[in-house]
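A.B. asks: Sequence first, then the predicted structure:
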Amino acid sequence: MKFRSGLLVGLGAGYVLGTKAGRERYQQIVEATRAFLDNPGVQRLTDEVGKTVNVGKERVSSATSRKVEQVGSSLADQANKAKGLVAGESKPAGPKPGDESKAAKPAASPAKTSAKDSGAEPTPAESPSPTATRGARPS
């Protein structure tokens, strides 16, 4: 649709600028264009299109802002966890008080067999995460 519109505008502009019909034909085209644009129906249509475009811009802008805030807070939380781990804390920092919007991550699946069950030394990938053992009772 954009291509067709651009093609028609380009052909029209090329005709107007390159016409051999002379100044009189050019003036007729300019007057017809002005009359078309001054038509109340066309003005209403352009106003409605402008409003629709503005509403779309606002929606995209607000959705983008919300997503940027979510990503920013997520990255800040991950950075704080990484700082804590680098500083030697055994537990990563949890969500801040009053931050109920973040859902808790589910615990590790019980269907997986860990090194603890088989009697072998756990590898770093198999060792339980601090979040998975918070509510567990010591054996």
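C.D. replies: Nice, I can see it. As the structure is a computational prediction, the values presented were derived from the model and not from experiment. Residues are numbered from 1 along each chain as shown.
A.B. asks: From here on, just use CA atoms for contacts and neighbour counts.
C.D. replies: Fine.
A.B. asks: which secondary element of the protein has the worst mean pLDDT?
C.D. replies: helix 115-118 (a mean of 48; mean pLDDT, DSSP states H and E).
A.B. asks: what ranges do the helices span in the protein?
C.D. replies: Secondary structure of the chain (DSSP state H): helices at 2-18, 23-38, 40-87, 115-118, 130-133.
A.B. asks: Can I get those in CSV including mean neighbour count?
C.D. replies: As requested, the helices of the chain are arranged in CSV below (neighbours: other CA atoms under 10 Å):
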stretch, mean neighbour count
helix 2-18, 11
helix 23-38, 12
helix 40-87, 12
helix 115-118, 11
helix 130-133, 13
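A.B. asks: got any ranges where the chain has weak pLDDT?
C.D. replies: Counting by pLDDT under 70, the chain shows low-confidence ranges at 19-21, 89-139.
A.B. asks: and with 80 instead?
C.D. replies: Counting by pLDDT under 80, the chain contains low-confidence ranges at 1-2, 13-23, 88-139.
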